[in-house]
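what follows is a predicted protein model with its sequence.
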Amino acid sequence: MRLTLRWVLAGLAIAVLAVVVGLIRLDQVGELADRTDRAVAVYENATLTYATRAGETITIAQTDDCKQYARPPSRDCRQRYADGDEVVISFDSADPTRTWKGPTPGGQLATGLLWGGMALGIFALLWLWFASPLYRRLRRPEIAGQQAPPAELE
């Protein structure tokens, strides 16, 4: 029981830590999500040029000219950008030079930490309950009000 209790308490501590970190990260992601804006950028000469809602024109260097990657494990470039291609990008309205493709960065990690911590915590609590001496006493037929199983038949 002592070894089990140590593992359960360690699991609970990790679960609490994961939930707290997940909540903090989600709060930060939420702030960024509120500031996220989208625009259509034009690819030309290894740069992306787009306009913000405020009318400011931003040009940023594009270090990767790959438009579409192959599935892992190869991750080879299947298609490259050509001059004049239009790309939908997301950017931080507080810092329009900070761009990314897809959903707000960090959201999947934060959500995974939060839900993973909750799942680990529930599992640890259930393990603690089913491994406890109280549960074993309650499961004994004499205590639970059931008939005792018959003695070994010969």
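Ah, there it is.

for residue 55, phi and psi?
Dihedral pair for residue 55: phi 90, psi 0, per degrees, to the nearest 10.

begin at 42, not 1, for the rest of this chat.
All set: I'll call the first residue 42, so the last point we hit is now residue 96.

just the buried positions in whichever helix in the chain runs longest, please.
When the chain is parsed with DSSP state H, its longest helix is helix 43-76. Neighbour counts using 16 or more other C-beta atoms under 10 Å place 49, 52-53, 56, 59-60, 63, 66-67, 70, 73 of helix 43-76 among the buried residues. The C-beta positions use only the backbone N, C-alpha and C, and glycine is treated the same way.

again with stretch 128-144
In stretch 128-144, counting by 16+ other C-beta under 10 Å, buried: 128, 130-133, 137, 140.

now do stretch 99-119
Going by 16+ other C-beta under 10 Å, stretch 99-119 has these buried residues: 99, 101, 103.

now do stretch 84-103
Result for stretch 84-103 [16+ other C-beta under 10 Å]: buried residues 84, 89, 91, 99, 101, 103.

SS state for the fourth one?
Judged by DSSP: H, G, I helix; E, B strand; the rest coil, the three-state class of residue 99 is strand.

and residue 126, what's its pLDDT?
pLDDT, residue 126: 89.

do the same with residue 193
62.

re earlier: C-terminal to the longest helix of the chain, what's the next element?
strand 77-85 (DSSP states H and E).

send the alpha carbons of that following strand over as CSV?
C-alpha atoms of strand 77-85 as CSV (Å, rounded to 0.1, in the frame of the first residue of the first chain):
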residue,chain,number,x,y,z
THR,A,77,-5.3,37.6,-33.6
ASP,A,78,-6.2,39.0,-37.0
ARG,A,79,-6.1,37.4,-40.4
ALA,A,80,-5.1,38.7,-43.8
VAL,A,81,-4.3,37.5,-47.3
ALA,A,82,-0.6,37.9,-48.0
VAL,A,83,1.1,37.9,-51.4
TYR,A,84,4.3,35.9,-51.7
GLU,A,85,7.0,37.5,-53.8
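
how many neighbours does residue 146 have?
16 (other C-beta atoms under 10 Å).
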